[in-house]
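Trainee: Would you be able to build a 3D model of this:
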Amino acid sequence: MNFDNLKISDFIEAQLPNFIAEEYPKFVNFFQEYYKSLEIPGGILDISNNFTDYIDTVNLYPNYLVANTTLASGITSSGTTISATSVEGFAENNGIILIDSEIIFYQSLDKQNKKFLNCTRGYSAVKEYKDIGTKLISTTAASHNSGATIKNLSNLFSN
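Mentor: Next comes the predicted model:
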C-alpha cells in the first residue's frame, strides 16, 4: 500500500459507526466531499502539509502558475468531461476551474486528449483571496460556449 497518496476522505466511511454509514449514506458522502474540498491542490490541508514547498519556488512545477486556458468545444450543463486547448499547469487530480461564472471540480486530467474528467458541476469554492472578505461562492451548472476562458482556481494561493 502506498501511504503517500492516502487522504482523509478515503477513510471517512470506515471511521463512522456502521449505523451511520447504513442509515445516512448522504451524510457519509457529504463528509467525504467536504474533506476532498480541503485536500485539493491549494486547499487548506495541502497548504498546511506542504507549506515549505509553497514558499520554495525551486519546488514549483514549471507550469504550475498557468492561470487560464480555453474551452475547446461547447458543453452542456450536465457534461462531466470538458475539452480544453491545453491542460498544462493544471492540477492532475482534484482540481478546481472556473468557466464564465460556474465553478467546476474535476477528479483528473487526460493530458493526451486535453480533457478535465469526472467533473462535478456547480461547485462551491473560493474564487479569489482578498485581504478582507474572502468568501466561499456557490454556483449552478450552466452551458458554456467553445472559446470560453477556463480559469485555474487550484493555484489561487500562489498567485
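
Trainee: For residue 84, name its beta-bridge partners.
Mentor: Applying DSSP bridges to residue 84 gives these bridge partners: residue 71.

Trainee: repeat for residue 119
Mentor: With DSSP bridges as the rule, residue 119 is bridged to residue 106.

Trainee: again with residue 152
Mentor: Beta-bridge partners, per DSSP bridges, of residue 152: residue 97.

Trainee: mind listing what's buried in stretch 18-36?
Mentor: Residues 28, 31-32, 35-36 are the ones in stretch 18-36 that count as buried (16 or more other Cβ atoms under 10 Å). C-beta here means a position set from N, CA and C on the backbone, and glycine is covered the same way.

Trainee: What of stretch 128-147?
Mentor: By neighbour count on 16+ other Cβ under 10 Å, the buried set for stretch 128-147 is 139, 141, 144.

Trainee: can you list the weak-confidence ranges in this protein?
Mentor: For the chain, the stretches flagged by pLDDT under 70 are 1-6, 41-43, 53-65, 129-134, 156-159.
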